[in-house]
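>>> using only what follows, build the 3D model:
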Amino acid sequence: MTFDARSHYSDIARSGPPLFFPDPPVPVTFNFDQGLAAEETFPIATLAALHQEVLDRDSGRALEYISMGWDPADDKLRYLATYEELVLGNRDLRTALASWLGGKNDRANLTADGIALTSGSVQAIGLAINALVDEGDGVLVESATFPYALRYFEMRKARTYPVAMDVDGLDPDDLERALERMRADGVRPKMLYIVASYSCPTGYTTSEERRRRIMSLAERHDLLILEDAVYADLRLSGPEVPSLLSMDRDGRVFQSHSFSKIVAPGLRLGWMAGSPEVIAALAAVRQDLGVSQWTARAMTAFVSRGHLDAHIDSVLPVYRRKRDIAAAAVTEHCAPHVTFDLPDGGFYLWLRLSEQVDWDKAQQAAASAGVSFRAGERFMNEATRPDSATYLRLAYSHVGEEELERGIRALGAAIRGAVK
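Numbers count the residues shown, from 1 in each chain. Model prediction:
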C-alpha cells in the first residue's frame, strides 16, 4: 500500500497552499517581488560588536532560554523569579522598546508587561489572531492587504469583510457600511486589521481625520484594532500622522512592529505592543519558548543607546532616492499603460494597469525577461480578487539603483508588448 501523506492533512493544511510563489521560467534578474530592507543599510559592524559584547559580558548566560544573573555576594547563579520570558521575551529589551514606543506613540503608561517579543511581526500577528479571534467572528481588512494576515484569519475560520481604500487610506464610510453588513448577517464585529502607514501593498497612508473616525467607530462597535506598524518609521515625505495606538485610551488598539524593515530581516525579532491584558492573551496561546536571548540582549543596547533612531535617520535618504528613481522609471517606461500614486513612505509602488493591457501576456513576458514582482491577487481575498488583475506591487527597497532603472525598462517593454 502506497502511503498518501495528503490523506492525513489537518483541515488547516487542506484549506489552502502555503504562501509560496511559482518558480519563474528563467532566473530572476530584476527582483521587485519582496519588500526587504536594503542590504547596504544593514548596520553589520554595530550588530557584530553588540553581539560580541553580550557574549563577553554574559558568557553562556546569553544563550539560555531566559535571563540569569550572577550574584557576587554568594557566588551563585540567579534565575528570574518567573518564567515570563519564555512567552514574552527578554525583559530588558521589552523595557527598552516600551520606552521607545511610548515616546513615539504618546503612551507614557506602556511598560514591559505590554510588550511581547516575537519572531518578526508575522508571528505577532498570528499570535494575536489565534488569541483574539474565534470561528465565525467578523474581521475587517483593507481591500488589499498583507496576505499572511488574511491567511491567519482564514485558518481561524473568521468572516472577513474587506473595506475600500484610496490614496487617503481606509475609507471610514465603507468601514461603517461593512459593520452594518456584519450586524445584518448576525456576525459579531471583532477586529480591524490595518496597515495605516505606507500600507502593504498600496503604499497608502490613512489620514489623521480618517484615523479619528475609525477610532470612533471602533469605540461604538466595541472593535479591536490590530495596527500593523512595520513601515510606520519609513516616512519619506508628507506629514507625520499620529498612530492609532497614540489615539487609543481604552486599550482596544495593539500594534505589531519589527526590526525586519527598519534594521535587517534576518534578525527575526519583532513585537506586539498594547495593554497587558491583550499581551496576556498572546502569551496564553504561545508555545515556542520565546526568542533568542543573545539577539535580544544585543538589540537592547541597540535601542537604548540610540543606535535605532540614528539608523532610521540614516536609511531614509536611501529609500527616498530609490522610490524617486523607481517612480521616474515607471513614468518614463510604462506610461500611459500604468498609473500610480507616489507613496509618502514604505517600500512599494502599487501600479494600476490600463484595460488595454493583456495581463496574462504581460506577466508571462515580464517573467521571461527575468522581471519578478508581486501580482495584485496575492493581497486580496475572494471578495476583492476579481479586480486584482489590474494591479501589481513593485518593491523598490532592496534593489540597486541601476537595477531599478534597467528592470523597470524591461517591465515597460513587457507591458507595451501586451497592449491589446
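
>>> pretty sure residue 121 sits in a strand.
No - Residue 121 sits outside any strand when classified using DSSP: H, G, I helix; E, B strand; the rest coil, being helix.

>>> for it, give its distance to residue 261.
Computed as C-beta to C-beta, to the nearest Å, the residue 121 to residue 261 distance reads 8 Å. All C-beta atoms are positioned from the backbone trio N, CA, C, and that covers glycine.

>>> between these two, what contacts are shared?
Common neighbours of residue 121 and residue 261 (criterion: C-beta atoms under 8 Å, 6 or more residues apart in numbering): residue 230.

>>> strand partners of the strand or helix carrying residue 160, parallel vs antiparallel please.
Under the criterion of DSSP states H and E, residue 160 resides in strand 159-163. Note on strand 159-163: by DSSP bridges, its sheet partners are strand 138-142 (parallel).

>>> how far off centre is the partner strand?
When C-alpha coordinates are averaged (C-alpha atoms, centre = their mean, to the nearest Å), strand 138-142 and its chain have centres 16 Å apart.

>>> and if you look at stretch 312-332?
Centroid separation for stretch 312-332 versus its chain: 20 Å, with C-alpha atoms, centre = their mean.

>>> where does this protein dip in pLDDT?
Filtered on pLDDT under 70, the chain yields the residue ranges 16-24, 26, 69-82, 382-389.

>>> which segments of the chain make up each domain?
24-41+310-416, 51-308 (automatic domain parsing).

>>> isn't residue 43 up against residue 267?
No - using C-beta atoms under 8 Å, residue 43 is not in contact with residue 267, being 10.6 Å away.

>>> so these two - more neighbours on which side?
residue 267 (21 against 18; other C-beta atoms under 10 Å).

>>> next up, the contacts around that one.
By C-beta under 8 Å, 6+ apart, the contact set of residue 267 is 47, 259, 260, 295, 299.

>>> and those, which of them are in helices?
47, 295, 299 (DSSP state H).

>>> not counting its neighbours along the chain, what's nearest residue 106?
Distance criterion C-beta to C-beta, 6 or more residues apart in numbering; nearest residue to residue 106, sequence neighbours excluded, is residue 246 at 4.4 Å.

>>> what is the host helix or strand of the one you found packed up against?
In this assignment (DSSP H and E), residue 246 forms part of helix 244-247. Judged by 3 or more C-beta pairs under 8 Å, 6 or more residues apart in numbering; DSSP states H and E, helix 244-247 is in contact with helix 208-221, strand 224-228, strand 253-258.

>>> and of those, who's closest to residue 376?
When those are compared by C-beta to C-beta, strand 224-228 sits nearest residue 376, at 18.7 Å.

>>> ok and the closest one relative to helix 208-221, angle-wise?
Strand 224-228 runs at 150 degrees relative to helix 208-221, counting by axes from the mean of the first three to the mean of the last three C-alpha atoms, to 10 degrees.

>>> tell me where the stretch 251-400 of the chain has helices.
Listed from the start of the chain, the stretch 251-400 of the chain has helices (DSSP state H, counting those that start in this stretch) covering 276-284, 293-304, 307-333, 359-368.

>>> most tightly surrounded among these?
Of all the helices of the stretch 251-400 of the chain, helix 293-304 carries the top mean neighbour count, a mean of 22, counting by mean count of other C-beta atoms under 10 Å.
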